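1. Structure for this input, please:
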Amino acid sequence: MRAITFAEYGGSEVLQLKEVPAPEPGPGQVRVAVRRAGINPIDWKIRSGAMAGGAGLKAPQIPGLEIAGVVDAVGDGAEFGVGDEVFGWSATGGYADFAIGGAIVRKPADLSWDDAAALPVAGETALRVLRLLDIKAGELLVVHGASGAVGRFATQIAVALGATVIGTAGQHNLEEVKALGAIPVRYGDGWLERVREVADRPVDAVFDASGHGVLPESVELRGSKDRIVTIADGAAFELGLPFSSGGQDGQTQEVLNEILGYVRNGLRIAQGKTFPLEEAAAAQEESQNGHPGGKLTLAVS
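-> Numbering: from 1, shown residues only. The predicted structure is shown next:
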């Protein structure tokens, strides 16, 4: 099969399109013929070595956490059949013609391949942090980066839970943030005063999905370090604030089905550019350096 691999840490140039053996499903596993693979910042952070903690790369890796595709082979005891359309997490890397499914669920017929590949990582992250913040109906939540992939989901889910959301974003995204059900506020210098101007009561919690240095003023806004969580700013460690990063514990069918519930109730998904598999390096560069304005995906087949 074709797969994007890297055998050393570095820039996007280390990504190579190779012919490698297709993985075989073990007991309870399924192999998925990948239609779409999601691009996420964690992909290029791993590729760069930023997540390695100084350890070397032991073997070539295939990037990619998110997949959407069709089951084409099953192991003994698998709960899916050949031909089932599924999406979720990959256990072997999604930038490839075939991948072993990790936590996957059936894809609804009316959910596009691109939208399916956009749900697992951003959806799980949004749900995880909203739970950490213990958001309840009637509360006031500030979401920094409300127009980004995670921020969009967090904003919509919080609104669905009955919270009022103030969402910060760039000037050109403010109308979109408003359409998500939030009170839009332009980020950048002076954001704290602008939030205070539109807030009709004290802010109960802050979700930083942007990493744009907003944590010190977020503490000032809250009047304490309680109920502030970031997924993007390493300054959290110096400030004594929670930094929430994903892990396999959140990669479950239950989480995927919960996200699907919000999709069925109208959760909006913003799509960016879809790249062919052989342009995976360009896709990661777009994720790392650009403002994609929506989910980036690889069209595999």
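
2. before we move on, what SS does Pro292 have?
-> coil (DSSP: H, G, I helix; E, B strand; the rest coil).

3. ok, now how distant is it from Lys273?
-> Relative to Lys273, Pro292 is positioned 7 Å away (Cβ to Cβ, to the nearest Å). No exception for glycine: its C-beta is placed from N, CA and C like everyone else's.

4. what about the stretch 201-301 of the chain, any weak spots by pLDDT?
-> The model of the stretch 201-301 of the chain has pLDDT under 70 over residues 291.

5. Surely Asn173 is in contact with Ser147?
-> Yes. Contact criterion Cβ atoms under 8 Å: Asn173 and Ser147 qualify, at 3.7 Å.

6. Give me the three-state assignment for Gly167.
-> strand.

7. heads up, I number from 4, so please use that
-> Noted, 4 is the first residue going forward, which turns the last one into Gly170.

8. Now it. Nearest residue, chain neighbours left out?
-> Ala149 (2.8 Å; Cβ to Cβ, 6 or more residues apart in numbering).

9. which element is that neighbour on?
-> Taking DSSP states H and E as the definition, one finds Ala149 inside no helix or strand.

10. same check, this time on Asp75
-> Per DSSP H and E, Asp75 falls inside strand 69-77.

11. Sheet partners, orientation included, of that strand?
-> Here strand 69-77 has these sheet partners by DSSP bridges: strand 33-41 (antiparallel), strand 88-93 (antiparallel).

12. what sits up against that strand?
-> The contact list for strand 69-77 (Cβ atoms under 8 Å, 6 or more residues apart in numbering) reads 27-28, 32-41, 43, 83-93, 97, 101-102, 104, 107, 110, 116-117, 119-124, 303-304.

13. Overlap of the contact sets of Pro295 and Lys276?
-> Both Pro295 and Lys276 are in contact with Glu289, where contact means Cβ under 8 Å, 6+ apart.

14. Leu195: what secondary structure?
-> Following three-state DSSP, Leu195 is assigned to helix.

15. which residue packs closest to it, ignoring adjacent ones?
-> Nearest in space to Leu195, with sequence neighbours left out and distances taken as Cβ to Cβ, 6+ apart, is Glu220 at 4.5 Å.

16. what about that neighbour, how many neighbours?
-> When neighbours are counted by other Cβ atoms under 10 Å, Glu220 registers 15.

17. and if you look at Gly78?
-> The tally of other residues near Gly78 (other Cβ under 10 Å) stands at 14.

18. from what I can see it touches Pro26, true?
-> No. Using Cβ under 8 Å, Gly78 is not in contact with Pro26, being 10.9 Å away.

19. where does the stretch 4-153 of the chain dip in pLDDT?
-> In the stretch 4-153 of the chain (pLDDT under 70), no residue qualifies.

20. one step back: buried ones in the strand holding Asp75?
-> By 16 or more other Cβ atoms under 10 Å, the buried positions in strand 69-77 come out as 69-77.

21. now do stretch 22-40
-> When burial is assessed from 16+ other Cβ under 10 Å, stretch 22-40 yields the following buried residues: 25-26, 28, 32-40.

22. and if you look at stretch 75-94?
-> For stretch 75-94, by 16+ other Cβ under 10 Å, it's 75-77, 81, 83, 87-94.

23. ok, and what's touching the top helix by length along the chain?
-> Ranked by residue count, the top helix of the chain under DSSP state H comes out as helix 123-136. With contacts defined as Cβ under 8 Å, 6+ apart, helix 123-136 is touched by 41, 43, 45, 68-69, 90-92, 144, 152-153, 155-157, 160-161, 164, 208, 210, 212, 230, 232, 234, 245, 247, 249, 253-254, 258-259, 261-262, 265, 298.

24. before we move on, the earlier item: distance to Val17 for the strands paired with strand 69-77 - can I get that in TSV?
-> Below are the strands paired with strand 69-77 laid out as TSV (distance: least, Cβ to Cβ, whole Å):
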stretch	distance to Val17
strand 33-41	18
strand 88-93	20
